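Asks: Coordinates for the following, if possible.
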Amino acid sequence: MKKIIERKAYLEQLSMWREKEMIKVVTGVRRCGKSTLFDLYIKSLKASGVSDNQIVFINLEDGDCSELLEYKKLHEYINAHIIKNKWTYVFIDEVQNCNEYERAISSLYLKNNLDIYITGSNAYMLSGELASKLTARYIEIDMLPLSFSEYSEAVNISDKRERFFGYMNMGAFPYAANLINNSLAHSQYLEGIYNTVLIKDVMTRENLSDTTLLRSIIGFLASNVGSHVSTKKIADTLASNGRPTGFYTVDSYLTALTDAYLFYKVNRYDVKGKVHLKSEGKYYICDTGLRNMILGTQGKDIGHQIENIVYLELLRRGYTVNIGKTGRGNEIDFVAVRDKKTEYYQVSASVLDETTLKRELNSLKQIKDNYPKFLVTLDDFVGDHNGIQQINLIDWLSL
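Replies: Got it, this is the predicted structure:
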């Protein structure tokens, strides 16, 4: 039986905005749990006394809702289900499937006692007409696959280290956690997600035509997670492989991949100068299991994989994240800011080797402010290096 994981952090965010005059937009890569989140939230609404006729749920991936893919029909349907003198809660799943959906949403927003929640699998929905019509009238909740704590609830693996390596190698898409004992089914499920994202959220949504080029760029990004990447570097690599591709073409494909939440781009930040840099940034994938499926590898390149995991966890915890430049040739993996407070994170699989420890600490030591500094490793040792806290990754993820 499929185990439903309570996505408590996301539920709390939805609850916080309940009946506020803001449209709640839940975004994220396909199959990360957006629909299930709505199911859980609707269950909590009913538990608080909300009746069935106060809830309107529409899944625009469902063929039964095909007539609602035109914005006028969508508007009419919802308008006909509004309860007078009571709150009506409207949930629209995969709203981007409706042609000109933003016209329906912006009109519905004007209604009294209408609480609107929508999901989407492409960031383009927030950069077009919806954003211009509803400036400062919506909040975005960026949803990711399971955290390690959530994954630990989903699987029956008692040893935390074994559980972590399962999390890293096989990934954390909610339903995939039910398939960890069937590697073939697990691989097929991830491949299905991957192909759906490529076709529906990248190729079709962005009007791209070259699937081979897209897969080549994805392969490059997946191989170079945690490394500096630029459009020029990708174009040069493609050219050296006999596939000359223009700068602007590569850039459009990169935008499409980040819009689909398959990859996240992280920019550089000069810690000393307090300015963002325009030089090449890094890309991190939405799920390390998906990365391993794309590359056909597991258990390799652990350093970059755990760096990817730390980045995603910082996002889950509400941080704004940049790469930190501290001096000539020196860099901090992550400068994380939340509630106007900064934290610095350096990530390494192991620092038991003295040379490695010295190198990882050196960048952190160059930062002269008094914000917290962390060295995150898989080593069992935890302790203090003159104000720099060395912490265990698995314990930190379990907090």
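Asks: For residue 158, what are phi and psi?
Replies: For residue 158, the backbone dihedrals (degrees, to the nearest 10) come out as phi -70, psi -40.
Asks: And residue 270, by the same measure?
Replies: phi -80, psi 110.
Asks: so what's it up against?
Replies: For residue 270, the contacting residues are 276-277, 325, by C-beta atoms under 8 Å, 6 or more residues apart in numbering. Yep, even glycine has a C-beta here, placed from its N, CA and C like the rest.
Asks: can we see that at 6 Å?
Replies: 277, 325 (C-beta atoms under 6 Å, 6 or more residues apart in numbering).
Asks: On the three-state scheme, residue 273 is what?
Replies: Following DSSP: H, G, I helix; E, B strand; the rest coil, the label given to residue 273 is coil.
Asks: Oh, that last question was meant for residue 278, not what I typed.
Replies: Remark: residue 278 carries the secondary structure label strand [criterion: three-state DSSP].
Asks: For stretch 259-279, what is the distance to the chain centroid?
Replies: Chain-centre distance of stretch 259-279: 16 Å, with C-alpha atoms, centre = their mean, to the nearest Å.
Asks: avg pLDDT for that stretch?
Replies: On average, the pLDDT along stretch 259-279 is 86.
Asks: how about it: buried residues?
Replies: Residues of stretch 259-279 classed as buried by neighbour count (16 or more other C-beta atoms under 10 Å): 259-264, 266, 268-271.
Asks: which pair in the residues you listed spans the largest distance?
Replies: 260 and 271 (31.1 Å; C-beta to C-beta).
Asks: circling back to that earlier point, and which of the buried residues of stretch 259-279 is nearest to residue 397?
Replies: Residue 397 lies nearest to residue 264 out of the buried residues of stretch 259-279, by C-beta to C-beta, at 18.0 Å.
Asks: Make sure that closest one is indeed in a helix.
Replies: No: looking at residue 264 with three-state DSSP, it is strand, so not inside a helix.
Asks: give the contact list for the nearest residue to it once chain neighbours are set aside.
Replies: Leaving aside its chain neighbours, residue 264 sits nearest to residue 284 (5.1 Å; criterion: C-beta to C-beta, 6 or more residues apart in numbering). For residue 284, the contact set (C-beta under 6 Å, 6+ apart) comprises 225, 264, 308, 311.
Asks: Tell me the secondary structure at residue 284.
Replies: Secondary structure of residue 284, per three-state DSSP, is strand.
Asks: same deal with residue 89?
Replies: At residue 89 the chain is in strand, as set by three-state DSSP.
Asks: can you pull the buried residues of stretch 127-144?
Replies: So, applying 16+ other C-beta under 10 Å, buried residues of stretch 127-144: 130-131, 134, 138, 140-144.
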